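Trainee: Output the structure for:
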Amino acid sequence: MSETPPGALDMSQTGDAPSGPGAFAAGITPHMLTFVTPSPTAVPAAPPVMQQKGGLFPGFPDPPAGSKTPTLGKQRGAAGAVAAAQGSNSGGTPTATGGGCGGGGGRGRKASRAAGRLFASDSSATPRRSARLAAAHTDGSSSSTPTPTPLGRQDPNQMQHNSNNTQTPGSAAAACSRSWRQQQQQRSSGSTCSAASDDARENATPTYVRQQPQEWQEMKPRQVAVQQLHDELLAILLPLRLAHHHLSQYKCKEALAALNKLPAKQLSSAGVLLLMARCLYELVDYSRAAEAFEAARAADPLSLEGMELYSTALWHLKRDVELAHLAQHVLAVDRLAPEAWCVAGNCFSLHREHESAVRLFQRALQLDPTMAYAATLVGHEHLAGEDLGAAAVAYQHALRNDHRHYNALYGLGQIYTKQEKHTEALVHFELAAKINPSSSVLRCCCGIALKKMGRLGEALTQLKAAIAIDGRNPLARFEVAGVLVALDRCHEALAELQQLQEIVPREPAVHFLMGRVHKRLQQPEAALAALNTALDLRPSAADRAAIKAAIDKVHLAEDEEDEEL
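Mentor: Purely as a prediction, here's the structure:
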């Protein structure tokens with residue numbers, strides 16, 4: 001034993017004096033202590049642990065007793081006991097290790113336990129958590145390229161430090177070292193492979209550079225085909241939409257112009273032919289309308305759409321044989337279709353069998369009570385039979401089903417004209433003309449009503465508007481000539497009648513009016529020739545009597561003729 005320095009306290013003489021961390025707790029400084037060199041069998045002394053407030057880690061309280069916190073402090077009690085036992089066996093001199101602390105209190109014991117946890121030399125001590133994770137990963141992985149572990153993301157120097165601090169030469173340190181070497185080898189091999197792959201990528205041509213033009217070449221024909229289909233559909237749908245729009249407003253000429261823009265293949269389809277026929281029908285071009293209706297029926301023989309209009313066109317053209325054949329055809333196709341019974345009713349009406357025609361039209365109304373055209377045909381038959389009340393009821397029924405059905409308004413105007421209620425007739429004719437402004441017939445009816453009301457200037461304007469719409473409207477030209485005669489504009493009236501004679505050369509009324517105009521112009525020979533021509537055309541009995549009376553008075557002056565009348 002070495003001598004005790006002057007002023008130092010001999011630990012062998014003061015057995016109760018604390019040593020180690022407990023000595024610091026008791027207020028004894030290191031220069032006041034004398035350390036005894038331990039025997040070779042004793043555990044190496046650990047450096048003194050400075051006591052800190054709040055336990056081993058500042059700011060964190062100590063774990064409670066019985067806690068299952070995953071730390072390596074489970075061996076601190078055993079390590080302290082072993083150290084204390086070694087200290088007592090070496091002669092009773094306590095050492096500076098945590099196990100030999102005497103009466104230093106609770107904080108001394110905590111410090112000694114921390115020292116035992118950090119510097120445990122027992123080979124049975126549990127390794128650190130990082131070493132255990134690395135060992136478990138290395139033992140459980142059989143692939144040549146293991147996935148990175150938390151240990152693999154650590155610094156190699158830190159891993160080396162951890163392996164050196166582990167005192168056990170067992171599996172934990174060896175596993176940690178193997179894991180680190182494997183990761184180094186993987187990094188080096190990965191860098192080599194990446195370098196080789198970079199060289200290969202530099203030398204090789206990218207795949208998409210070769211495939212992109214080929215894909216575009218494959219997609220280009222499809223895109224062209226889609227674009228062509230899109231253009232074909234637009235070429236069909238846009239003119240059809242425009243034609244339906246114009247036809248709904250009764251702008252029939254514009255609708256025909258739109259239909260003519262369709263491709264040639266579509267012009268022969270049943271639907272397009274039917275639209276063209278309806279436009280021609282509204283333009284009062286019954287001959288061309290009948291041809292279009294017949295072409296539509298030939299394209300689709302089982303369709304009865306528009307056949308009621310076709311029968312009306314044949315009625316105006318007085319084609320009784322074709323109308324009878326059409327009636328048989330439609331009844332054979334579908335006897336429950338209202339269009340079929342309308343065709344049959346027109347066939348009987350052409351033969352002036354009005355009662356039978358009314359029954360057939362009413363059968364059509366039984367099949368479809370909302371069919372405004374069938375109700376209008378019923379009104380026309382009653383009007384032809386001079387049953388004005390029943391005709392008015394039928395027209396009003398048609399207007400209840402379709403308030404834009406101008407044919408019913410025209411029928412009501414005709415009723416008021418027969419009743420000589422020209423003001424009410426003009427109102428209905430004007431309403432019908434607003435719905436269908438392209439109708440030359442409705443404009444002509446307005447002019448006739450104005451003429452009978454004595455408003456000759458307005459009548460002439462309406463009649464000329466009708467001629468502007470349809471220059472081949474014979475009734476409009478005839479009424480214009482009558483208005484001009486009433487206005488004493490005989491030369492203009494004669495010019496109108498000459499143009500009308502080219503349109504209807506076999507009309508007795510035209511030649512009769514021309515004879516009267518020639519008489520006013522003091523041309524008795526021309527007047528007599530015109531009157532004789534009118535008589536030769538076989539007019540009705542009433543017209544024949546009027547013509548004979550005019551022939552007898554052809555050499556009389558106008559004043560004398562008025563006195564006789």
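Trainee: Look at the nearest residue to residue 363 once chain neighbours are set aside and give its secondary structure.
Mentor: Leaving aside its chain neighbours, residue 363 sits nearest to residue 341 (4.7 Å; criterion: CB to CB, 6 or more residues apart in numbering). For glycine as for every other residue, the C-beta is placed from the backbone atoms N, C-alpha and C. Put simply, residue 341 is helix when judged by DSSP: H, G, I helix; E, B strand; the rest coil.
Trainee: Residue 341 and residue 364 touch, don't they?
Mentor: Yes. Look at residue 341 against residue 364 with CB atoms under 8 Å: they come within range, at 4.0 Å.
Trainee: what do the two both touch?
Mentor: Here residue 341 and residue 364 have residue 374 as joint contacts, going by CB atoms under 8 Å, 6 or more residues apart in numbering.
Trainee: of those two, who's got more company?
Mentor: residue 341 (28 against 25; other CB atoms under 10 Å).
Trainee: what's the pLDDT at that one?
Mentor: On pLDDT, residue 341 comes in at 96.
Trainee: How about the contacts made by it?
Mentor: By CB under 8 Å, 6+ apart, the residues touching residue 341 are 360, 361, 363, 364, 367, 374.
Trainee: What score does the fifth one have for pLDDT?
Mentor: Yep, that's residue 367 we're talking about. 95.
Trainee: roughly how far apart are it and residue 344?
Mentor: Separation of residue 367 from residue 344 (CB to CB, to the nearest Å): 12 Å.
Trainee: Specify which residue of those two has the higher count of neighbours.
Mentor: The neighbour count for residue 367 versus residue 344, taken as other CB under 10 Å, is higher for residue 344 (26 against 15).
Trainee: Surely residue 459 and residue 483 touch.
Mentor: Yes. Under the criterion of CB under 8 Å, residue 459 makes contact with residue 483 at 5.6 Å.
Trainee: Quickly list what's touching both of these two.
Mentor: The contact sets of residue 459 and residue 483 overlap at 447, 451 (CB under 8 Å, 6+ apart).
Trainee: got the buried residues for stretch 401-409?
Mentor: 401, 402, 405, 406, 407, 408, 409 (16 or more other CB atoms under 10 Å).
Trainee: Of those, which is the nearest to residue 506?
Mentor: Distance to residue 506 across the buried residues of stretch 401-409 (CB to CB) is lowest for residue 407, with 28.3 Å.
Trainee: after the one helix or strand the closest one maps to comes which helix or strand?
Mentor: Element membership for residue 407 (DSSP states H and E) is helix 406-418. Later in the chain than helix 406-418, the nearest helix or strand by DSSP H and E is helix 422-435.
Trainee: Next, the angle from that next one to helix 406-418.
Mentor: Per axes from the mean of the first three to the mean of the last three CA atoms, to 10 degrees, the angle that helix 422-435 makes with helix 406-418 is 160 degrees.
Trainee: Run through who's touching helix 422-435.
Mentor: 250, 404, 406-407, 409-410, 412-414, 416-417, 439, 442-443, 445-446, 449-450, 452-453.
Trainee: If we ignore the residues flanking it in sequence, what's nearest residue 337?
Mentor: In space, residue 337 is closest to residue 304, 5.0 Å off (CB to CB, 6+ apart).
Trainee: Quick check, the one you found in contact with residue 334.
Mentor: Yes. Look at residue 304 against residue 334 with CB under 8 Å: they come within range, at 6.2 Å.
Trainee: Which residues are in contact with each of the two?
Mentor: residue 340.
Trainee: More neighbours: these two, which one.
Mentor: Set residue 304 next to residue 334 and count neighbours by other CB under 10 Å: residue 304 wins out with 20 against 13.
Trainee: Report the contact partners of that one.
Mentor: Residue 304 makes contacts with 330, 333, 334, 337, 339, 340, as judged by CB under 8 Å, 6+ apart.
Trainee: For it, give its distance to residue 245.
Mentor: Relative to residue 245, residue 304 is positioned 25 Å away (CB to CB).
Trainee: before we move on, what about residue 485?
Mentor: Between residue 485 and residue 245 the computed distance is 43 Å (CB to CB).
Trainee: re earlier: does the residue nearest to residue 337 count as helix, strand or coil?
Mentor: Under three-state DSSP, residue 304 falls in the coil class.
Trainee: Now it: phi and psi?
Mentor: phi -110, psi 10 (degrees, to the nearest 10).
Trainee: Which pLDDT value goes with it?
Mentor: Per-residue pLDDT puts residue 304 at 94.
Trainee: now swap in residue 467 and tell me
Mentor: 93.
Trainee: Okay, and it sits in which element?
Mentor: Using DSSP H and E, the element containing residue 467 is helix 456-469.
Trainee: in the next helix-or-strand element following that helix, what counts as buried?
Mentor: Next helix or strand after helix 456-469 toward the C-terminus (DSSP H and E): helix 474-486. Buried residues in helix 474-486, counting neighbours by 16+ other CB under 10 Å, are found at 474, 475, 476, 477, 478, 479, 480, 481, 482, 483, 484, 485.
Trainee: before we move on, what about stretch 306-322?
Mentor: 306, 307, 308, 309, 310, 311, 312, 313, 314, 315, 319, 322.
Trainee: The stretch 251-400 of the chain: helices as residue ranges?
Mentor: Ranges of helices in the stretch 251-400 of the chain, per DSSP state H, counting those that start in this stretch, are 252-259, 264-267, 270-282, 286-299, 307-316, 320-333, 338-350, 354-367, 372-384, 388-401.
Trainee: Would you mind listing the outside residues contacting the fourth one?
Mentor: The set of residues that contact helix 286-299 without belonging to it, under CB under 8 Å, 6+ apart, is 268-270, 273-274, 276-278, 280-281, 283, 303, 306-307, 309-310, 313-314, 316-317, 319, 322, 329.
Trainee: Check stretch 483-493 too.
Mentor: 447, 451, 456, 459-460, 463, 480-482, 496, 513, 516-517, 520-521.
Trainee: Just the mean pLDDT for it, thanks.
Mentor: Stretch 483-493 comes out at a mean pLDDT of 93.
Trainee: cool, stretch 273-287 as well?
Mentor: For stretch 273-287, mean pLDDT is 94.
Trainee: do stretch 373-383 as well
Mentor: The model assigns stretch 373-383 a mean pLDDT of 96.
Trainee: So which residues make contact with it?
Mentor: 308, 338, 341-342, 345-346, 349, 354, 357-358, 361-362, 364-365, 368, 388, 390-395, 397-398, 401, 405, 407-408, 411, 414-415, 418.
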